[in-house]
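J.: just the structure for this:
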Amino acid sequence: RSWTTALVAAGAAAAAAGAWLAWRARVRSARLERVLRRINEVNERDPNLDQGVPKELLYSQRMSEMLAAFVTPAPPSDLLQIAARAQHIARWQSPRSSYPEGRAGYLKWRSDLYEFHGRMAHDIMLEAGYGTLEAQQVKYLLSKKGLKSKPRDADSQTLEDVVCLVFLRYYWKPFSKRDEFDEAKLISIVQKTWAKMSDDGHAAALKLPFEPEELSLIQKALA
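T.: Modelled structure (predicted):
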């Protein structure tokens, strides 16, 4: 009888634990959906259009899709999903033209953007019910500081791989057509992009559907 009672109690405890885990999963899923929806709402206000869609809304969707394709078989963490979606959140509010020309002005613009995007994502996460530590982690991912550590922070590297893959997949072709860039400059840009990526990122990049002209230039850069 005692072992029967113990089994019943253990079963009840397991059921209660299962119900709690299911409830927690629903809460976590709802929080994530609230954050992603809020980021979309912000980016929908971008006055600049790309293929008839607000530019940063389209970019954020491409980031999310590329992240899901790159991080397999397990789905990416909430924090990576949020960081990917918020990579360019409200970027039009801080245009490059608002900073001085030249490399120093460019670097200052980029640095301020990282802080701006991280702060917005951080605040949205807190409003959606995430804890301060989780919000700070996303802010850290968007700061790119993890790319400077040795070894590089794993999630920071994954996010950077996705950024580079989205650039190569969707923005490399129009970028390479710009009049101010000759072949030598374009090769240098590919090499710098490649240096930011992991081996897994390189493998994924080589599977992208490049046109022959694009692929030829990339192959020259990697030779």
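J.: and the closest residue in space to Ala90 that isn't next to it in sequence, which of the three is it?
T.: Spatial nearest neighbour of Ala90, excluding adjacent residues (C-beta to C-beta, 6 or more residues apart in numbering): Val42 at 5.4 Å. To be clear about C-beta, it is placed using only N, CA and C from the backbone, and glycine gets the same treatment. Under DSSP: H, G, I helix; E, B strand; the rest coil, the three-state class of Val42 is helix.
J.: so for stretch 204-213, what gets flagged as buried?
T.: Applying a neighbour-count criterion of 16 or more other C-beta atoms under 10 Å, one finds 204-205, 210 buried in stretch 204-213.
J.: can you check stretch 141-159 too?
T.: Applying 16+ other C-beta under 10 Å to stretch 141-159 flags 141-144, 146, 153, 155-159 as buried.
J.: now name the helix or strand holding the spatially most central residue of the chain.
T.: By C-alpha atoms, centre = their mean, the chain has its centre lying nearest to Ala84, at 2.0 Å. Following DSSP states H and E, one finds Ala84 within helix 78-85.
J.: and Leu126, how many neighbours does it have?
T.: By other C-beta atoms under 10 Å, 14 other residues sit near Leu126.
J.: can you tell me the element it falls in?
T.: Using DSSP H and E, Leu126 maps to helix 103-128.
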